[in-house]
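> can't give you the sequence, but here's the structure:
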């Protein structure tokens with residue numbers, strides 16, 4: 001359980017929490033699954049470094065100006081020259097870093113774009129050249145997304161809906177997790193831990209009742225005289 005302020009995205013502490021859990025509890029994590037909110041190049045790169053496969057839906061990134069305009073997927077990347085080739089076979093060279101966003105910027109020549117037949121579908125507004133961004137971890141991002149083409153991806157996503165989303169929905173509807181009841185990270189963490197304890201206790205009781213019922217049925221076949229004892233024992237378990 002890890003609580004963050006409301007202005008911190010869910011994917012921001014992801015990699016640090018995975019490392020913390022592995023270090024503290026000795027987990028041998030080999031796979032992780034998440035929703036599209038965790039489709040971050042940094043997450044894919046960190047997990048690949050830890051030899052962990054990711055099963056995360058790929059976000060359909062759209063051009064910030066117009067969905068109909070060409071985006072990076074319409075351009076061919078040349079790894080040897082570290083450049084892009086546009087649909088008109090012109091070169092976009094590396095121009096600068098955009099450190100705040102963790103990406104590199106590639107730009108075309110104004111002369112190449114001025115008479116280009118694809119100009120209307122490529123350059124927004126009054127811009128005179130094409131600009132394409134590429135994440136520092138694009139290679140790792142693409143490599144991890146190859147996992148989404150396997151049957152295991154659908155299995156993980158199906159289990160996530162049950163184990164994660166199902167538990168979250170249960171906590172919201174039955175255990176006071178629709179909103180924070182108190183102010184502050186420490187107070188809210190306490191609320192979340194109490195909610196998690198309630199869910200885990202219910203699971204423990206359900207498991208205990210199942211185990212007792214199994215023992216009752218097994219021993220009843222061999223020792224009918226113990227039937228009354230097990231009925232009395234089961235009656236003490238809360239419903």
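On my side now, so go ahead. On a predicted model such as this, the values are computed, not experimentally measured, just so you know. Numbering: from 1, shown residues only.

> alpha carbons only for contacts and neighbour counts from here, please
OK.

> what's near enough to touch residue 128?
Counting by C-alpha atoms under 8 Å, 6 or more residues apart in numbering, residue 128 touches 110, 113, 114.

> count of neighbours near the residue nearest to residue 36 when sequence neighbours are not counted?
Of all residues not flanking residue 36 in the chain, residue 57 sits nearest, at 5.1 Å (C-alpha to C-alpha, 6 or more residues apart in numbering). Other residues near residue 57 come to 17 when the count uses other C-alpha atoms under 10 Å.

> for residue 187, same thing?
Other residues lying near residue 187 total 13 when counted by other C-alpha under 10 Å.

> Mean pLDDT per helix and strand in this structure: which one sits at the bottom?
Sorting the helices and strands of the chain by mean pLDDT, DSSP states H and E puts helix 227-235 at the bottom, at a mean of 51.

> So for the contacts of residue 128, which is the shakiest by pLDDT?
Within these, residue 114 has the lowest pLDDT, namely 90.

> roughly how far apart are that residue and residue 85?
Applying C-alpha to C-alpha, to the nearest Å, the value for residue 114 to residue 85 is 16 Å.

> same check, this time on residue 118
Distance from residue 118 to residue 85, counting by C-alpha to C-alpha: 13 Å.

> Who has more neighbours out of those two?
residue 85 (17 against 14).

> Tell me where the longest strand sits in this protein.
strand 91-98 (DSSP state E).

> helices and strands around the helix or strand following that strand, which ones?
Next in sequence after strand 91-98, counting helices and strands by DSSP states H and E, comes strand 103-107. In terms of contacts (3 or more C-alpha pairs under 8 Å, 6 or more residues apart in numbering; DSSP states H and E), strand 103-107 is packed against strand 91-98, strand 131-135.

> Kindly recompute the last result at 10 Å.
If you count contacts as 3 or more C-alpha pairs under 10 Å, 6 or more residues apart in numbering; DSSP states H and E, strand 103-107 packs onto strand 83-85, strand 91-98, strand 131-135.

> Tell me the strands beside that strand, with direction?
If you go by DSSP bridges, strand 103-107 pairs up with strand 91-98 (antiparallel), strand 131-135 (antiparallel).

> Identify the residues contacting that strand?
82-84, 91-98, 129-138 (C-alpha atoms under 10 Å, 6 or more residues apart in numbering).

> What about residue 56, how many residues nearby?
Residue 56: 23 surrounding residues under other C-alpha under 10 Å.

> Skipping adjacent residues, who's closest to it in space?
Of all residues not flanking residue 56 in the chain, residue 34 sits nearest, at 5.1 Å (C-alpha to C-alpha, 6+ apart).

> Can you read off the pLDDT for residue 177?
Value listed for residue 177 in the pLDDT field: 88.

> What is the burial count for it?
Number of residues near residue 177 (other C-alpha under 10 Å) recorded here: 17.

> quick one, what contacts it?
Residue 177 is in contact with 168, 169, 170, 171, 191, 192, 195, 196, counting by C-alpha under 10 Å, 6+ apart.

> mind giving me the domain split of this protein?
Per automatic domain parsing, the domain ranges recorded for the chain read 72-137, 175-239.

> Select, out of those, the one closest to residue 24.
Nearest of those to residue 24, taken as C-alpha to C-alpha: domain 175-239 at 18.2 Å.

> Where does pLDDT dip in the chain?
61-68, 209-239 (pLDDT under 70).

> Could you pull out the helices in it for me?
For the chain, helices defined by DSSP state H occupy the ranges 14-25, 41-49, 110-114, 119-122, 138-145, 151-160, 166-174, 185-222, 227-235.
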